[in-house]
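S.K.: Compute the structure for the input listed below.
(chains A and B)
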2 protein chains.
Amino acid sequence: MTTDGRLARGARTRTAVLDTAVALATEAGLDGLSLGQLAETLGVSKSGLFAHWRSKEELQLATIERAREQWAEQVVAPAMRAPRGVRRLWALHVSRLDFYAAAVLPGGCFFANAEFEYNARPGPVHDRLAELLAEWIAFVERLGTEAITAGELAAEVDVRQLAYEFEAVGLSAVMRSRLLPSESAYPFARRAVLDRLRAACPDPTLLPED
Amino acid sequence: MTTDGRLARGARTRTAVLDTAVALATEAGLDGLSLGQLAETLGVSKSGLFAHWRSKEELQLATIERAREQWAEQVVAPAMRAPRGVRRLWALHVSRLDFYAAAVLPGGCFFANAEFEYNARPGPVHDRLAELLAEWIAFVERLGTEAITAGELAAEVDVRQLAYEFEAVGLSAVMRSRLLPSESAYPFARRAVLDRLRAACPDPTLLPED
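M.R.: The predicted model follows:
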């Protein structure tokens, strides 16, 4: 096998291990993640994992980056296929709710869980989660601004306010759908954002009625 | 000391211990709570605590009940002094945001953290959290129904939808105010509910303008 081949295989293994770590963290918590537990789940030696990540914190930070890639691929990418403007914003909300409803991760949402787990624990994990939350909010705001520029949302819409509500409604849906019957979560989460967008859209026919 | 006196003193001690447990759980997680750690924090013997709670799960369940009392006293009770109707609903939201902003608990919100921590962990803790979430949502819905009955919210308002958004906006505020600057949380959380209530209220002068 060539060096390139070994590197490619190593990267695939690393990604597969981190996918398991992302899923585990949604159940046991990001703090509950350990090299030992991960090795046991995967049926590999702890020393093999230790070659990739020297400490629990390194593993946690790598897991966060993998969760971000997964979110980009599975939630953001499908939404980017919708036309720029109010339909893309709506597609992003639907894509997120679909991701939750499909139970891709056993514990719902990696980021929602980790954000609540680490909101009061200072350190590199907290700081990286904060950066990614700010990045996500800025992304939603940018889609809002694009919709205004396209004339598909009223110019007076406060995109920061819109992004706050958009994010809150999605965040609540994943938790509620796990603790209570999912009918008490998704239909309301869908309606909340749809009402908000339709009310601010000069041409509501761009959006579904319900 | 009389038996009554001893019982009263015992109940006070129990409450004080559980107050510490509630606060600890918001930082270490409800799963991170242990009789050993609690004893160490309080500077008492583990065996003394063991007389009250025989297992970690018993302690967790007792801590949940204490957090519920605290929420009733510090969030719900102040709001109940507002007149029945739309002003009480608004007072409840303000009271909740004030509770978060005052940093009564070091890790923000006991229930928000525990709900995300336990959403995928079956068992008595999960089930009790689910019951209390359902109870809280039903309470918010009841205040909405009272506001409609009082003619202070339009009859066509869907109180289940209103309660979903009310809860989502508050939930998001406590997490965001810890991970990001609090100005990126509370003003938007306030505005979101105020806009919603004012838009549905035949007499918006019952509510503040901002």
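S.K.: And the helices in chain A, which stretches?
M.R.: For chain A, the helices defined by DSSP state H occupy A:3-28, A:35-42, A:46-50, A:56-71, A:77-80, A:86-101, A:110-118, A:124-149, A:159-179, A:186-200.
S.K.: Generate a markdown table for the ones you listed, with distance to residue B:148, mean neighbour count and mean pLDDT as supplementary columns.
M.R.: Just so you know, the C-beta spots here come from the backbone N, C-alpha and C atoms, and that holds for glycine as well. Listed next are the helices of chain A as a markdown table, based on distance: least, CB to CB, whole Å; neighbours: other CB atoms under 10 Å in any protein chain shown; pLDDT from 0 to 100:
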| stretch | distance to residue B:148 | mean neighbour count | mean pLDDT |
| --- | --- | --- | --- |
| helix A:3-28 | 39 | 16 | 85 |
| helix A:35-42 | 51 | 16 | 90 |
| helix A:46-50 | 57 | 14 | 87 |
| helix A:56-71 | 39 | 19 | 97 |
| helix A:77-80 | 36 | 14 | 98 |
| helix A:86-101 | 28 | 21 | 98 |
| helix A:110-118 | 32 | 24 | 97 |
| helix A:124-149 | 31 | 17 | 98 |
| helix A:159-179 | 22 | 23 | 98 |
| helix A:186-200 | 18 | 19 | 98 |
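S.K.: Spatially central residue for chain A, please.
M.R.: Chain A has residue A:71 as the residue nearest its centroid, 4.4 Å off, counting by CA atoms, centre = their mean.
S.K.: which ones are touching it?
M.R.: A:110, A:111 (CB atoms under 8 Å, 6 or more residues apart in numbering or on different chains).
S.K.: Go through the helices of chain A and name the closest to residue B:13.
M.R.: When these are compared by CB to CB, helix A:110-118 sits nearest residue B:13, at 30.2 Å.
S.K.: show me what contacts residue A:89?
M.R.: So residue A:89 contacts A:140, A:143, A:144, A:147, A:166, A:197 (CB under 8 Å, 6+ apart).
S.K.: Just send those back as TSV, with distance to residue A:46 too.
M.R.: Output for the contacts of residue A:89, formatted as TSV (distance: CB to CB, whole Å):
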residue	distance to residue A:46
A:140	40
A:143	43
A:144	46
A:147	49
A:166	42
A:197	49
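S.K.: contacting residues around residue A:137?
M.R.: Counted by CB under 8 Å, 6+ apart, residue A:137 has contacts A:163, A:164, A:167, B:180, B:184.
S.K.: Tell me, how many residues neighbour residue A:75?
M.R.: Per other CB atoms under 10 Å in any protein chain shown, the neighbour tally for residue A:75 reads 22.
S.K.: picking up where we left off before, pick the one among the contacts of residue A:137 closest to residue B:171.
M.R.: Closest to residue B:171, out of all of these and judged by CB to CB, is residue A:167, at 10.7 Å.
S.K.: thought the closest one was touching residue A:136?
M.R.: Yes - using CB atoms under 8 Å, residue A:167 makes contact with residue A:136 at a distance of 7.4 Å.
S.K.: what's the neighbour count on residue A:155?
M.R.: 9.
S.K.: Give me the phi and psi angles of it.
M.R.: phi -60, psi -30 (degrees, to the nearest 10).
S.K.: right, and it touches residue A:145 too?
M.R.: No - applying CB under 8 Å, one finds residue A:155 not in contact with residue A:145, separated by 10.7 Å.
S.K.: Leaving out chain neighbours, which residue sits closest to residue A:45?
M.R.: Leaving aside its chain neighbours, residue A:45 sits nearest to residue A:39 (6.2 Å; criterion: CB to CB, 6 or more residues apart in numbering or on different chains).
S.K.: wouldn't the one you found be in contact with residue A:52 here?
M.R.: No - if you go by CB under 8 Å, residue A:39 and residue A:52 don't touch, sitting 11.2 Å apart.
S.K.: any idea how far residue A:163 is from residue B:192?
M.R.: 11 Å (CB to CB, to the nearest Å).
S.K.: is it true that residue A:120 touches residue B:107?
M.R.: Yes - at 3.6 Å, residue A:120 and residue B:107 qualify as touching, with contact defined as CB under 8 Å.
S.K.: Which residues are in contact with the nearest residue to residue A:109 once chain neighbours are set aside?
M.R.: Leaving aside its sequence neighbours, residue A:109 sits nearest to residue A:174 (CB to CB, 6+ apart; 4.3 Å). With contacts defined as CB under 8 Å, 6+ apart, residue A:174 is in contact with A:100, A:108, A:109, A:112, A:185, B:119.
S.K.: Any chance of CSV for these, columns distance to residue A:26?
M.R.: Formatted as CSV, the contacts of residue A:174 follow (distance: CB to CB, whole Å):
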residue, distance to residue A:26
A:100, 11
A:108, 6
A:109, 7
A:112, 9
A:185, 17
B:119, 9
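S.K.: Right, I'll leave it there.
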